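In: no sequence on hand, only this structure:
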């Protein structure tokens, strides 16, 4: 497999994972689970007020999203607003920003101390977006996180990025953790919480993201990046916890918290005293499924069998299309291109 093909596999996989799709209105599936909040321990539905009461005593509250689902971001706002209305003052950590971005985020929060004209507000937003290197990202995706930042600005909440810098993530993905320089390795925190069973499990996930195609070197480097990111986010969350005035809310992709693995188990490895709760906003499946199928625990040797999250909040899907069909078409084009070289 040549280098160009290898790079294609990595970046097309990421585009599948993060792409913003739109729902075909003609095939939207109605499902009785949509809108329901399920306590996975009891397998019973709870109402919104009960959910807020249950989570208010926790130190860290994960609001685990599918990045491109607008319903998930609206529900995140609803939870945050209600916690604030109930007298809590949460801090908010964002997966989509790095810890290095935190000073720029806090400068934006500080800008709310003065009332500005609409024109000045637009300038402040454009400046922040450029500093965060989101000016080349889609407006829709930016708006999801900017709306949350505006809530924090209005309520004077502490915010922070929790991930590794993008450039370092790309370096690890390209070279592997053992291929980066010693000075770069010093910037990568490690919980040393990993084993072959978990690694093999994640390799299977990466293979699914690649629509069934596996490549040893690629998977190994993606795994190195995955572990480094989860470790860094766990460290950042514990730092937010140390300086909290209220609960720490974490805006994060569901893959990083599913089955209490990824980030959650690493936070526990750093500080076992932190009480964590995971609300996963879950799209309904493409085909009708029973609730028991959604609640099925992960059967992984050496790991506790737990449901995907503490609470599942079901929503409509963004898309019912198969991203692997597009992958197959692009793959055929790439193969034809490779033969011409």
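Out: All right, it came through fine. Keep in mind the model is a prediction, meaning the values are calculated, not measured. Numbering: from 1, shown residues only.
In: can you give me the distance of residue 187 to residue 99?
Out: 10 Å (C-beta to C-beta, to the nearest Å). Bear in mind the C-beta positions are built from the backbone N, C-alpha and C, glycine included.
In: between these two, which one's more packed in?
Out: When neighbours are counted by other C-beta atoms under 10 Å, residue 187 and residue 99 differ, and residue 99 comes out ahead with 19 against 14.
In: the more buried one against residue 233, yeah?
Out: No: if you go by C-beta atoms under 8 Å, residue 99 and residue 233 don't touch, sitting 9.1 Å apart.
In: and the residue nearest to residue 201 when sequence neighbours are not counted, how many neighbours?
Out: Once flanking residues are discounted, residue 201 sits nearest to residue 300: 5.9 Å by C-beta to C-beta, 6 or more residues apart in numbering. Residues within reach of residue 300, counting by other C-beta under 10 Å, total 14.
In: confirm that residue 300 lies within a helix, as I assumed.
Out: No: read with DSSP: H, G, I helix; E, B strand; the rest coil, residue 300 is coil and lies in no helix.
In: now it: phi and psi?
Out: Main-chain dihedrals, residue 300, degrees, to the nearest 10: phi -130, psi 120.
In: cool, residue 64 as well?
Out: phi -90, psi 120.
In: and it, what are its bridge partners?
Out: Beta bridges link residue 64 to residue 252, residue 280, judged by DSSP bridges.
In: contacting residues for residue 311?
Out: 37, 38, 39, 40, 46, 51, 54, 55, 277, 278, 279, 280 (C-beta atoms under 8 Å, 6 or more residues apart in numbering).
In: repeat that for residue 235.
Out: 189, 270.
In: quick check: mean pLDDT of the helix or strand where residue 174 lies?
Out: Assessed by DSSP states H and E, residue 174 sits inside helix 166-175. What helix 166-175 shows for mean pLDDT is 96.
In: what is the rounded mean pLDDT of the longest helix anywhere in the chain?
Out: As assigned by DSSP state H, the longest helix anywhere in the chain is helix 216-242. For helix 216-242, mean pLDDT is 95.
In: so for that helix, what gets flagged as buried?
Out: 218-241 (16 or more other C-beta atoms under 10 Å).
In: still on that earlier bit, quick one: which of the contacts of residue 311 sit in strands?
Out: 37, 38, 39, 46, 277, 278, 279, 280 (DSSP state E).
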